[in-house]
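J.: Below is the structure, and that's it, no one-letter string:
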Ligand SMILES: O=C(O)CCC(=O)C(=O)O
Ligand SMILES: [Fe+2]
């Protein structure tokens, strides 16, 4: 498939400087950029069918973690916000399982798409992960599965909704809750989100939507999926430096293997 068969250029000319600039402003203002119908329906259907077929390769796991995705700190109580546990349960297939001729690979590798992302995100260049698992992932969430509140380690995330669930499974977030680079954890702000005291923004994306968000300082979660239709979502992961692999502990946690 050519890039034109994957991206709907009639709505989203990713090569246009004006369009890129508008997207950059939206991401900056809202903490997230959603482009509904970004992917052409035939390409979505192609990826959906393949992902359905490859689902048996997925590593499903449920785990407890804190919002910072770090080990507990014994200087704080176990029920302190620093250590409070939430649950994540989902499955995922890794880059090595994604077929060579998948539209996802064409999009991921495309120079036009990377240039678009660079401008929108304010990055100089973007590189794939150095390990064989982490660049393109397909996530599956079935009835009752969810992603607990957390901050990402990476500064931005790029996702494509492939199949939305019947109900539930909304992406919820609150932007600028912490300042990771300044080492500011904002326990009070985080506790207010965990306790439901802070209003959250909700995105219920339909299949074909591209979403960019800054998950390093925006706390976010995926609400439990309801109904029989599996939520399928692709994460396109890049680094701003070449040669970076996802840490071994993160690979074991998310994929259950190193390569
Ligand atoms: O599934 C989503 O929409 C977001 C996934 C996410 O937050 C993550 O993989 O860290
Ligand atoms: Fe995340």
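T.: Arrived safely, thanks for sending. Predicted model, so just to flag it, every value in this text is computed and none were measured. Ligands and ions are numbered 1, 2, ... in the order given.

J.: And the nearest residue to residue 83 once chain neighbours are set aside, how far from residue 81?
T.: Nearest non-adjacent residue to residue 83, counting by CB to CB, 6 or more residues apart in numbering: residue 72, 4.5 Å away. (Each C-beta comes from the backbone N, C-alpha and C, glycine too.) Counting by CB to CB, to the nearest Å, the gap from residue 72 to residue 81 is 12 Å.

J.: try residue 20
T.: 38 Å.

J.: More neighbours: those two, which one.
T.: The neighbour comparison of residue 20 against residue 81 (other CB atoms under 10 Å) goes to residue 81, with 21 against 18.

J.: tell me which parts of this protein are close to ligand 1?
T.: Within reach of ligand 1 by CB under 6 Å from any ligand atom, the chain has these residues: 139, 147, 152, 159, 171, 215, 220, 222, 233, 235.

J.: three-state assignment of residue 235?
T.: strand (DSSP: H, G, I helix; E, B strand; the rest coil).

J.: OK, contacts around the residue nearest to residue 83?
T.: Residue 72 is in contact with 66, 78, 82-83, counting by CB atoms under 8 Å, 6 or more residues apart in numbering.

J.: Out of these, who's the most crowded?
T.: residue 66 (23 neighbours).

J.: Contact partners for that one?
T.: 72, 82-86.

J.: one more time with 7 Å, if that's ok
T.: Applying CB atoms under 7 Å, 6 or more residues apart in numbering, we find residue 66 in contact with 82-85.

J.: go on, residue 15?
T.: residue 112.

J.: and residue 213, how many residues sit next to it?
T.: The burial count for residue 213: 22, using other CB under 10 Å.

J.: and it, how far is that from residue 165?
T.: For residue 213 relative to residue 165 (CB to CB), the value is 19 Å.

J.: Quick check, pLDDT for the closest residue to residue 142 other than its chain neighbours.
T.: Nearest residue to residue 142 in three dimensions, chain neighbours excluded: residue 230, at 5.1 Å (CB to CB, 6+ apart). Listed pLDDT for residue 230 reads 97.
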